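Novice: please find the sequence and the predicted model below.
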Amino acid sequence: MSYSLIITIVSHGKADLVTLAATQAGSTGGTVLRGRGISPNAIAAALGIESAKDV
């Protein structure tokens with residue numbers, strides 16, 4: 001039996017597209033985690049850039 005682990009980091013809300021593609025490629029399971037950076041970035045916040053990502 002062979003296993004593979006694929007880890008991706010995508011913008012929040014895009015994980016559904018990744019899991020759909022993985023399922024179509026033969027994946028039988030997966031886990032989506034929501035992550036956020038620990039360093040505050042005032043410039044990114046002022047520009048409205050979201051630091052949260054789906055992992």
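Specialist: The structure has been received and is ready for your questions. Since this is a predicted model, take the numbers as computed values, not measurements. Numbering: from 1, shown residues only.

Novice: any buried residues in the longest helix seen in the chain, and which?
Specialist: In the chain, with assignment by DSSP state H, the single longest helix is helix 15-24. Of the residues in helix 15-24, 15, 18-19 count as buried by neighbour count, 16 or more other CB atoms under 10 Å. To be clear about C-beta, it is placed using only N, CA and C from the backbone, and glycine gets the same treatment.

Novice: so which residues make contact with that helix?
Specialist: Residues from elsewhere that reach helix 15-24 (CB atoms under 8 Å, 6 or more residues apart in numbering): 6, 8, 10, 27, 30, 32, 54.

Novice: tally of neighbours for the fifth one?
Specialist: Burial of G30 is recorded as 11 neighbouring residues (other CB atoms under 10 Å).

Novice: nearest residue to it other than its sequence neighbours?
Specialist: Of all residues not flanking G30 in the chain, T19 sits nearest, at 5.4 Å (CB to CB, 6 or more residues apart in numbering).

Novice: now the one you found: how far from S2?
Specialist: Distance, T19 to S2, using CB to CB, to the nearest Å: 20 Å.

Novice: could you pull out the strands for the chain?
Specialist: Taking DSSP state E as the criterion, the chain carries its strands at 10-11, 34-36, 52-54.

Novice: ranking the ones you listed by burial, who's on top?
Specialist: Comparing the strands of the chain by mean neighbour count (mean count of other CB atoms under 10 Å), strand 52-54 ranks first with a mean of 15.

Novice: low-confidence stretches in the protein?
Specialist: Applying pLDDT under 70 to the chain flags residues 37-40, 50-51, 55.
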